[in-house]
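Asker: I would like the atomic coordinates for the input below:
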Amino acid sequence: MSELPQSADLIVFGGTGDLSMRKLLPALYHCDRDGRLSPETRIIAMSRGGLDDADFRGKVDAQVRGAVPIDDLNVWERFLGRLHHVSVDIGGEDTAGWERLGAMLAGHEQRTRVFYLASPPMTFGLFCRQLERVGLVTPASRVVLEKPLGRDLASARRINDEVGAIFDERQIHRIDHYLGKETVQNLLVLRFANAFLEPIWNSLWIDHVQITASETVGTPGRRGYYDHAGALRDMVQNHLLQLLCLVAMEPPSRNDREAIRDEKVKVLQALRPIVGGEVDRFTVRGQYTAGESGGEQVPGYLDEPDGTAPTETSRRVETFAAIRAEVKNWRWAGVPFYLRTGKRMPHRYSEIVVQFKDVPHSIFPGSAPNRLVLRLQPSEGIQLHIMAKEPGAGEVALKPVPLSLSFAETFTTRVPEAYERLLMDVLTGNPTLFMRRDEVEAAWRWIDPILGEWEAHGTLPEPYPAGTSGPAGAHELLGRSGRTWHEEASE
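Answerer: The predicted structure is shown next:
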């Protein structure tokens, strides 16, 4: 077992919210169960819930215990014993909560102190100013910022300025949970620890790349949030562009926390801007309507139960987005990168597909280009599709077959959730899988013209029935160059 991190206090703002209950606390429990938390490490939830420690532990026991495999009640009780709760009036005049937090942390200034902001981004600056005001920011402090980091370049800069006025850049961890997935990390290993791929990882051998994040869920109860986010802000600006960077980046000089992030920034800077009339040509946006999903009839986006009536903003927001991107450098010149994400799609999966070019001259009928598929969810793994002869006498019949690496089948250890890896990286001070300020702003700089053009024209998103693979325009986006989306049902 690797050396345990130093004792830490992990303070979660929004500690009773959905993210904390579904992702953060289960991940921290698994870290505790695997012996990766020091005995003195504490988890302190901050919220307006008016709970004491016993109330909060009871809430976690009721909501989280059934969602994680508890094979040792002693470990679960030990984990519950780490939990504390402090009620705080965010931005109000009542400072009692901040004083209670200060009293809890007093005398532990040498500990690693992590402030996890699982809250709306407009509160990030306020939280950081309050922490400084009551003297809780120490040299050993770190702050974690959840996405979305702003709505555009200007708001992202404002948030970065506000947080950066309190914390040094080395202390700031901008989290994207996709980067904690095993397949994403294996992409770097696949590329840079194996000799056979790198010579063909370029425009001479690769025809195009597809990156898809497909969701079957809609937005019941969340339309108020999604009206002001949309698929481009919610998924493309962070998750999909991060995956594009890892596919397209140059080999770093070393496995170093800054060297990898330097190469990702170079990719974002090399993205060909999509501006003016090109937005209509190279982007597609859609909004789901009523249809059949998962064997049942579901309402369209505008009719999702939300407690409020849809607005004009609701009618204009996209629940599906597809983009044809290009990386303008020597390695990738002429290779399109197709990005796609949508809600109420037929299957839930996230994957990267690297489509190779066909053989220069095929002597066999029925051959097809090779394809490398990296599945991020739900079943993480890697498949290399090659052509093979079907058994039998007579004429040679070809069939594409996968050389498959399933993490669940190959490795006997449990595949950890993304948040487990990322939380441990925060506690150990490893920023490699987190976004740097210039990285976030470079992504917004590329996204902003697309958003601006969509909003300026006032056209409505193209409708697509729930349970289908998106609007017709998304298929035309590839069809114009004789390509098609790689459709593969989730296992």
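
Asker: how about low-confidence regions in the stretch 351-491 of the chain?
Answerer: 392-394, 407-412, 415, 488-491 (pLDDT under 70).

Asker: Can you give me every residue that contacts the closest residue to residue 51 other than its chain neighbours?
Answerer: Leaving aside its sequence neighbours, residue 51 sits nearest to residue 85 (Cβ to Cβ, 6 or more residues apart in numbering; 4.6 Å). Glycine gets a C-beta too; all of them are placed from N, C-alpha and C. Taking Cβ atoms under 8 Å, 6 or more residues apart in numbering, we find residue 85 in contact with 15-16, 44-47, 49, 51-53, 55-56.

Asker: Is residue 85 in a helix, a strand, or coil?
Answerer: What DSSP: H, G, I helix; E, B strand; the rest coil gives for residue 85 is strand.

Asker: May I have the predicted confidence score for it?
Answerer: pLDDT for residue 85: 93.

Asker: do residue 4 as well
Answerer: On the pLDDT scale, residue 4 gets 60.

Asker: Tell me how many other residues crowd residue 274.
Answerer: 21 (other Cβ atoms under 10 Å).

Asker: from what I can see it touches residue 452, true?
Answerer: No - Residue 274 is beyond contact range of residue 452, at 10.8 Å (criterion: Cβ atoms under 8 Å).

Asker: Tell me the bridge partners for the residue nearest to residue 51.
Answerer: Counting by DSSP bridges, residue 85 is bridged to residue 45.

Asker: Check the gap between it and residue 20 for me.
Answerer: 11 Å (Cβ to Cβ, to the nearest Å).

Asker: Quick check: neighbours shared by those two?
Answerer: Contacts common to residue 85 and residue 20, judged by Cβ under 8 Å, 6+ apart, are residue 45.

Asker: the longest helix in this protein is where?
Answerer: helix 437-457 (DSSP state H).

Asker: hang on, the earlier thing: make a ChimeraX selection of the buried ones in the contacts of residue 85.
Answerer: Per 16 or more other Cβ atoms under 10 Å, the buried members of those correspond to this ChimeraX selection:
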select :15,16,44,45,46,47,49,51,56
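
Asker: so where's the stretch 51-200 of the chain shaky on pLDDT?
Answerer: The stretch 51-200 of the chain contains residues with pLDDT under 70 at 90-94.

Asker: follow-up on the earlier one: next, the residues that contact the longest helix of the chain from outside, please.
Answerer: Contacts of helix 437-457 (Cβ under 8 Å, 6+ apart): 149-150, 152-153, 156-157, 160, 164, 169, 172, 174, 232-233, 236-238, 241, 261, 264-265, 268-269, 271, 273-276, 279-280, 283, 285, 316, 318, 323.

Asker: of these, buried ones?
Answerer: 149-150, 152-153, 156-157, 160, 164, 172, 174, 232-233, 236-238, 241, 261, 264-265, 268, 271, 274, 279, 283, 285, 316, 318, 323.

Asker: Which ones among these map onto strands?
Answerer: Among those, DSSP state E puts 172, 174, 283, 285, 323 in strands.

Asker: need the contacts of residue 85 in JSON lines with secondary structure and distance to residue 456, can you?
Answerer: Below are the contacts of residue 85 laid out as JSON lines (DSSP: H, G, I helix; E, B strand; the rest coil; distance: Cβ to Cβ, whole Å):
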{"residue": "15", "secondary structure": "coil", "distance to residue 456": "40"}
{"residue": "16", "secondary structure": "coil", "distance to residue 456": "40"}
{"residue": "44", "secondary structure": "strand", "distance to residue 456": "46"}
{"residue": "45", "secondary structure": "strand", "distance to residue 456": "43"}
{"residue": "46", "secondary structure": "strand", "distance to residue 456": "40"}
{"residue": "47", "secondary structure": "strand", "distance to residue 456": "40"}
{"residue": "49", "secondary structure": "coil", "distance to residue 456": "42"}
{"residue": "51", "secondary structure": "coil", "distance to residue 456": "47"}
{"residue": "52", "secondary structure": "coil", "distance to residue 456": "52"}
{"residue": "53", "secondary structure": "helix", "distance to residue 456": "52"}
{"residue": "55", "secondary structure": "helix", "distance to residue 456": "50"}
{"residue": "56", "secondary structure": "helix", "distance to residue 456": "47"}
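
Asker: and which of the contacts of residue 85 is nearest to residue 117?
Answerer: residue 46 (9.8 Å; Cβ to Cβ).

Asker: Find the centremost residue of the protein, please.
Answerer: residue 178 (3.5 Å; Cα atoms, centre = their mean).

Asker: just checking, that one touches residue 184?
Answerer: Yes - counting by Cβ under 8 Å, residue 178 does reach residue 184; the two are 6.2 Å apart.

Asker: which residues of the stretch 201-350 of the chain score low on pLDDT?
Answerer: 307.

Asker: show me where it has strands.
Answerer: Here the stretch 201-350 of the chain has its strands, by DSSP state E, counting those that start in this stretch, at 206-214, 283-289, 291-293, 296-298, 320-326, 336-342, 349-356.

Asker: okay if I get those strands as TSV plus distance to residue 460?
Answerer: Listed next are the strands of the stretch 201-350 of the chain as TSV, based on distance: least, Cβ to Cβ, whole Å:
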stretch	distance to residue 460
strand 206-214	22
strand 283-289	8
strand 291-293	18
strand 296-298	20
strand 320-326	13
strand 336-342	16
strand 349-356	27
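
Asker: Figure out which of the ones you listed is closest to residue 487.
Answerer: Nearest of those (Cβ to Cβ): strand 206-214, 9.3 Å.
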